[in-house]
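Engineer: Compute the structure for the input listed below.
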Amino acid sequence: MVLEKKIKELVELDEELRAKIEQAHQAKVDSKQKIVSDKKNIANATWDQVKKRVDEEKIKLDEYIKSAAIDNQEEYQQTSERLKRTFEDNKEKWIAELVDNSLKI
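Structural biologist: Now for the predicted structure:
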């Protein structure tokens, strides 16, 4: 009887320890899976932030390019008008100088 009782206690203890080992193993597996999942979530969140910042900078640069193009077009128009006026103001004088210089040669 005593021996049977001790064997039964050992079997119960063994079952208890196996259950605890299985729980510990499952906790370890769950922890590893959570770490992998968290790592993936953090990476995705980081990339999302990077993409958002890139998109914001792209919008800013596009606006700057549009603004610069408008400014350049305005400057071109102003310079073109100034050159046309200079030409019109000096046209006769320059033609006369060309004729005089051609006759001297």
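Engineer: got the residue ranges for the helices in this protein?
Structural biologist: In the chain, the segments counted as helices under DSSP state H are 2-104.
Engineer: Share the number of residues neighbouring residue 95, please.
Structural biologist: By other C-beta atoms under 10 Å, the residues close to residue 95 number 10. All C-beta atoms are positioned from the backbone trio N, CA, C, and that covers glycine.
Engineer: for this structure, what are the low-confidence residue spans?
Structural biologist: Of all residues in the chain, none has pLDDT under 70.
Engineer: same thing but 80
Structural biologist: Under the criterion pLDDT under 80, the flagged ranges of the chain are 105.
Engineer: Quick check: the residue lying farthest from the centre of the chain vs residue 16, distance?
Structural biologist: Residue farthest from the centre of the chain, counting by C-alpha atoms, centre = their mean, is residue 1 at 75.8 Å. From residue 1 across to residue 16, the span is 22 Å (C-beta to C-beta, to the nearest Å).
Engineer: ditto for residue 77
Structural biologist: Residue 77 is 91 Å from residue 16, by C-beta to C-beta.
Engineer: Same check on residue 25?
Structural biologist: Distance, residue 25 to residue 16, using C-beta to C-beta: 15 Å.
Engineer: Same check on residue 61?
Structural biologist: In this view, residue 61 and residue 16 are 67 Å apart by C-beta to C-beta.
Engineer: With residue 79 instead?
Structural biologist: Counting by C-beta to C-beta - residue 79 and residue 16 are separated by 92 Å.
Engineer: same deal with residue 35?
Structural biologist: Distance from residue 35 to residue 16, by C-beta to C-beta: 29 Å.
Engineer: And residue 54, by the same measure?
Structural biologist: Going from residue 54 to residue 16 by C-beta to C-beta gives 56 Å.
Engineer: Over to residue 88?
Structural biologist: For residue 88, the distance to residue 16 (C-beta to C-beta) stands at 106 Å.
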